[in-house]
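Undergrad: Next input, structure requested:
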Amino acid sequence: MHASSLYALTKVNTSWSTRHPYVAAGALILISANPELLLTPLRLAGRFTLYIFGFRRQGVAKDSLASRYQSHFYGGYVPRDSTFARSQSYGAADYHDNDMEEALRLASVEEYENGDQPETGSILEVGISWLSGIGAVFVLGRRWGWWN
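TA: Reported below is the predicted structural model:
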């Protein structure tokens, strides 16, 4: 018998979520209820990444990867709707680009028929919430024998 056949017969499962399904499901439910737990560190990591590449509050840093990219691909003119221009904007912003947040809010606005104020929320938050909830159902369903 080959080693691969033996492995298949024993079905060794080393997945962390399989060994600790209730902890994994609890974490996923917590993220589903409050997606900002996941989004805040990601936003901070994005700001840090922009800083490393050379996008600063004062503009593009001299002798940085961003300045070399700008000089090689754009020269003196950076197109308004380019990724580079958005990165410059994000790097110069205090927290994060308000236009991007506003665009996400407007994309997910649901207006009520009775004329009340529209409900706002980020599409990204809703997506993370749904995917985390579905992940929790999957982990618990596997634990409870609904599927393998």
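Undergrad: Only C-alpha atoms from now on, for both contacts and neighbour counts.
TA: Will do.
Undergrad: Pull the residues that contact the helix or strand encompassing residue 89.
TA: Here residue 89 sits within helix 83-92, counting by DSSP states H and E. With Cα atoms under 8 Å, 6 or more residues apart in numbering as the test, helix 83-92 has contacts from 47, 50-51, 55-60, 70, 78-79, 96-97.
Undergrad: Compute the number of surrounding residues for residue 136.
TA: Residue 136 has 24 neighbouring residues, counting by other Cα atoms under 10 Å.
Undergrad: now the chain, which segments are flagged as low pLDDT?
TA: Applying pLDDT under 70 to the chain picks out residues 1-14, 94-121, 148.
Undergrad: remind me, longest helix of it?
TA: Criterion DSSP state H: the longest helix present in the chain is helix 123-143.
Undergrad: residues of that helix that come out buried?
TA: Residues of helix 123-143 classed as buried by neighbour count (16 or more other Cα atoms under 10 Å): 123, 125-126, 128-136, 138-140, 143.
Undergrad: In strands only, show me the contacts of helix 83-92.
TA: Using DSSP state E, the subset of the contacts of helix 83-92 located in strands is 55-56, 59-60.
Undergrad: Distance to residue 36 and neighbour count for those - can I get that in CSV?
TA: Listed next are the ones in strands among the contacts of helix 83-92 as CSV, based on distance: Cα to Cα, whole Å; neighbours: other Cα atoms under 10 Å:
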residue, distance to residue 36, neighbour count
55, 25, 26
56, 25, 19
59, 28, 13
60, 29, 21
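Undergrad: that older thread, which among the contacts of helix 83-92 end up buried?
TA: By 16+ other Cα under 10 Å, these give 47, 50-51, 55-56, 60, 70, 96 as buried.
Undergrad: With distance to residue 37 added, can I get those residues in JSON lines?
TA: Shown next, in JSON lines, are the buried ones among the contacts of helix 83-92 (distance: Cα to Cα, whole Å):
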{"residue": "47", "distance to residue 37": "17"}
{"residue": "50", "distance to residue 37": "21"}
{"residue": "51", "distance to residue 37": "22"}
{"residue": "55", "distance to residue 37": "26"}
{"residue": "56", "distance to residue 37": "26"}
{"residue": "60", "distance to residue 37": "30"}
{"residue": "70", "distance to residue 37": "34"}
{"residue": "96", "distance to residue 37": "17"}
